[in-house]
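[1] Pasting the sequence and the predicted coordinates here, then a few questions.
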Amino acid sequence: MTDAAELRTRTRALLAAHPPAETDRTDFLEARFDAGLAWVHYPVGLGGLDAARSLQAVVDTELEAAGAPDNDPRRIGIGLGMAAPTILAYGTEEQKRRFLRPLWVGEEVWCQLFSEPGAGSDLAALGTRAVRDGDHWVVDGQKVWTSSAHLARWAILIARTDPDAPKHRGITYFLCDMTDPGVEVRPLRQITGEAEFNEVFLTGVRIPDAHRLGSVGDGWKVAQTTLMNERVSIGGMRLPREGGMIGPVARTWRDRPELRTHDLHQRLLTLWVDAEVARLTGERLRQQLAAGQPGPEGSGMKLAFARLNQEISGLEVELRGEEGLLYDDWTMRRPELVDFTGRDAGYRYLRSKGNSIEGGTSEVLLNIVAERVLGLPAEPRNDKDVAWKDLAR
Amino acid sequence: MSTQPDLLYSEAEDDLRAAVRSLLTDRSDHAAALARAESGAPYDEGLWQSLAAGIGAAGLLVPEELGGQGAGHREAAVVLEELGRAVAPAPYLTSSVIATETLLALDVEDADVAELIKGLATGRTAAVLAVPLSASAGAELPDGAGVRGVADAAAADVLLVLRPDGLHAVERGDATVEPLVPLDLTRPLASVTTGSGTGIRLADARTARTAVRRGLLAGAGLLASEQLGVAEWCLEETVRYTRERHQFNRPVGSFQALKHRMAQLWLDVAGARAAARNAADALAAASAEAPLAVAVAQAHCSRVAVRAAEECVQLHAGIGMTWEHPAHLRLKRAKADEIALGTPGRHKEVLAELVSLPAPR
């Protein structure tokens, strides 16, 4: 088993062979991947060294100190956070070798073709069809809320391959080439005025069977890996004190005494405590993971941050009073990065409304916590044993 | 920025928890606790001896050279989590934490102080600080011979009395201790009156006030762990009960309206655990951040314990309102704990100062 000392030696050798100051960014990242220092817990040859996940910090610390380029985790977040772990868990050797390296280096951006206009929280109700045609699948349907679709080279896609099976069983998971004929991406302008998401129309798209991930009809199980990783990556940021939404509002409070009222003061202090408690809960979760005793807190972090972001940004708009009546800019844009804490208070307020919807609504997550963490009985269901094609729509 | 606090439980802490839980499960059931509370003598002396001396819990904060276990606040916090779960009547918070921490902040070379600490560490004697249970480190301290609302005075052998000239150790026999009727039956309150000349002076006025504030700060920080224990019990019992109780031909725990409330509570309890561990860790490390960690833990855990107990009563419905069901003891403890050692509002005022978020002028 690779230990911390060995990782340090390997990291220094990488830095010596490819001095960051003189090496092209992509070249450096490729060399890092090839040295097994991308994600050390991945297998040898696939960016890792089969080491303990907790040892990644050893590598990251050394590289950061040396000023090495980082792969941009925000722009390629869907690839890193969702596609990669799913490909690692279910991909063939060939798929792993083909996709993981350009994904990690950031040469190929990924998006996620899961949600549909009729299948959001009830994702397994999806209706996009994939029909077998020789060694290909022909895909027709419409997806929605697809971040980065206009930048993406590849997509993870779930589609219905057996309408006669109950809805969770007739789904198959594919890797979709976004440059293929029949893939059309249209910006979807949202509440903030910008178009961070897209609609994706799939018309007669031909996907080779070699780009299927997992068995035919097993797509729901494969998608669970993706969704679990998504929720962890949404709630799992490490924050310093006042590092989230509470930071800007606390600074405004300090800098602008004329805006203060007693009512706002009480609410601000309550939210400050809540933000600090959420930060500590996240820190405790990370310590549990590092100690190899993962707790169920991960499912809850997204819920906590969604509520906090909404309440804090709402308070901030109110605190600004007259300025809160204004908005920075309604120009339609298609941002490359989503920056929840960027722009002004009005933007933060509007964008945070999505935090309790994207990646699973808070209502659905509360059900998941209740059933999987607390072991409460499931709601009675009338869709479990019915063929998808016979469900009411 | 200081180093990251350790928010997990060590193996030794897990072992300690197992020992305390097993003792309390065997010896402190609901019916017995209620019967004792109504008898006016709420403590089971044998149980207290097993906990304090048998397990060695009383001496966790005391260094070995003063007869203690030389452990610390993280371990004492685990004991309090278990005492909170069981709402066991025991003078642990008052004697083994607040009084002990206060005495440890005095001159421990002084023979009277050292003798007293050694007694407390072994559980041979119990001492309580003669201040109202509602007193907090961030507020005015009482000063004088008559104090109302002193917790566990009935179980104390020694009362630590703050007077204008310093801190005095007064034998309970030399004081008048009049029991009051408490909201929380498992933590008795009394009025304490002591003659001005009685007792041994342990410290001068300045040292005394600093020490008492340190005792109250540690008490508030570790009270968060007791509150965590209360909240955990309430959530677990509510989940257990609603899984079994059927109405409308379904377990009531399968109704989404109830599931969401319990899931939200679980999230709040997870936060309480992180905040309470953070406070215990900061106190153990004597960190400069301890006052902030304590204020955050108190502001959060007080609310969570009360809400968990209130939800416990509501989701148990009729049975939750009965005297036989153990829920009411948790509700009474949680509500009293909300006031104990500073209300959430009081702790937020302290926090406003510490993090420079001042009130409007």
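    Arrived safely, thanks for sending. Numbering: from 1, shown residues only, chains lettered A, B, ... in the order given.
[2] so B:Thr125 touches B:Leu116, yeah?
    Yes: B:Thr125 lies in contact with B:Leu116 (Cβ atoms under 8 Å); the separation is 7.5 Å. Yep, even glycine has a C-beta here, placed from its N, CA and C like the rest.
[3] Which one of those two is surrounded by more residues?
    Set side by side, B:Thr125 and B:Leu116 show more neighbours around B:Leu116, with 25 against 18, by other Cβ atoms under 10 Å in any protein chain shown.
[4] Return the one helix or strand the more buried one maps to as CSV; C-alpha atoms alone will do.
    In this assignment (DSSP states H and E), B:Leu116 forms part of helix B:111-122. Output of helix B:111-122 as CSV, limited to C-alpha atoms (Å, rounded to 0.1, in the frame of the first residue of the first chain):
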residue,chain,number,x,y,z
ALA,B,111,-4.2,23.2,50.8
ASP,B,112,-8.0,23.9,51.2
VAL,B,113,-8.5,24.2,47.4
ALA,B,114,-6.5,21.0,46.8
GLU,B,115,-8.3,19.1,49.4
LEU,B,116,-11.7,20.1,48.0
ILE,B,117,-10.7,19.2,44.4
LYS,B,118,-9.5,15.8,45.6
GLY,B,119,-12.8,15.2,47.3
LEU,B,120,-14.7,16.1,44.2
ALA,B,121,-12.5,14.1,41.9
THR,B,122,-13.2,10.9,43.8
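[5] list residues touching both of B:Thr125 and B:Leu116?
    Between them, B:Thr125 and B:Leu116 share these contacting residues under Cβ atoms under 8 Å, 6 or more residues apart in numbering or on different chains: B:Val158.
[6] How about stretch A:79-97, which residues are buried there?
    For stretch A:79-97, a neighbour-count test (16 or more other Cβ atoms under 10 Å in any protein chain shown) marks A:79-88, A:90-91, A:95-96 as buried.
[7] which residues are contacting that stretch?
    A:39, A:42-43, A:45-46, A:71, A:73, A:99-100, A:103-104, A:108-110, A:112, A:154, A:156, A:173, A:175, A:210-211, A:213-214, A:222-223, A:225-226, A:229-230, A:232-233.
[8] so how far does that stretch reach from one end to the other?
    Terminal residues of stretch A:79-97 lie 15 Å apart, using Cα to Cα, to the nearest Å.
[9] Give me the mean pLDDT for it.
    Stretch A:79-97 shows a mean pLDDT of 94.
[10] Centre of the chain to it, how far?
    On the basis of Cα atoms, centre = their mean, to the nearest Å, stretch A:79-97 is displaced by 15 Å from the centre of the chain it belongs to.
[11] Can you give me the end-to-end span of stretch A:354-367?
    By Cα to Cα, the extent of stretch A:354-367 from end to end equals 19 Å.
[12] Now do the contacts for residue 196.
    Just so you know, I chose chain A. By Cβ under 8 Å, 6+ apart, the contact list for A:Glu196 reads A:Ser147, A:Gln190, A:Arg334, A:Pro335, A:Val338.
[13] hmm, I had chain B in mind actually
    B:Ala145, B:Arg163.
[14] Let's verify it: helix, strand, or coil?
    coil (DSSP: H, G, I helix; E, B strand; the rest coil).
[15] ok, now A:Ile158?
    Of the three states, A:Ile158 takes strand under three-state DSSP.
[16] what's the nearest residue to it if we skip its chain neighbours?
    Using Cβ to Cβ, 6 or more residues apart in numbering or on different chains and skipping residues adjacent in sequence, the residue nearest A:Ile158 is A:Gly219, 4.9 Å away.
[17] wait, isn't the one you found in contact with A:Thr172?
    Yes: under the criterion of Cβ under 8 Å, A:Gly219 makes contact with A:Thr172 at 4.4 Å.
[18] Which one of these two is surrounded by more residues?
    Between A:Gly219 and A:Thr172, counting by other Cβ under 10 Å, A:Gly219 is the more crowded of the two (28 against 24).
[19] any idea of the mean pLDDT for stretch A:120-131?
    Rounded mean pLDDT across stretch A:120-131 is 94.
[20] Output the residue ranges of the strands in chain A, listed in chain order.
    Assigned by DSSP state E, chain A shows strands spanning A:110-113, A:129-133, A:136-143, A:154-160, A:171-177, A:183-188, A:197-208, A:212-213.
[21] which residue ranges form the helices in the stretch 201-350 of chain A?
    In the stretch 201-350 of chain A, the segments counted as helices under DSSP state H, counting those that start in this stretch are A:219-235, A:246-255, A:262-290, A:298-319, A:345-352.
[22] Same list, those helices, but as CSV with mean pLDDT please.
    Output for the helices of the stretch 201-350 of chain A, formatted as CSV (pLDDT from 0 to 100):
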stretch, mean pLDDT
helix A:219-235, 79
helix A:246-255, 96
helix A:262-290, 93
helix A:298-319, 93
helix A:345-352, 95
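[23] Tell me, please, where in chain B the pLDDT is lower than the cut-off.
    For chain B, applying pLDDT under 70 flags the ranges B:1-3.
[24] can you point me to the longest helix in it?
    helix B:205-244 (DSSP state H).
[25] Can you tell me the strand partners of the following helix or strand past that helix and which way each runs?
    Counting by DSSP H and E, the element after helix B:205-244 in chain order, helix or strand, is strand B:246-247. Sheet partners assigned to strand B:246-247 using DSSP bridges are listed as strand B:250-251 (antiparallel).
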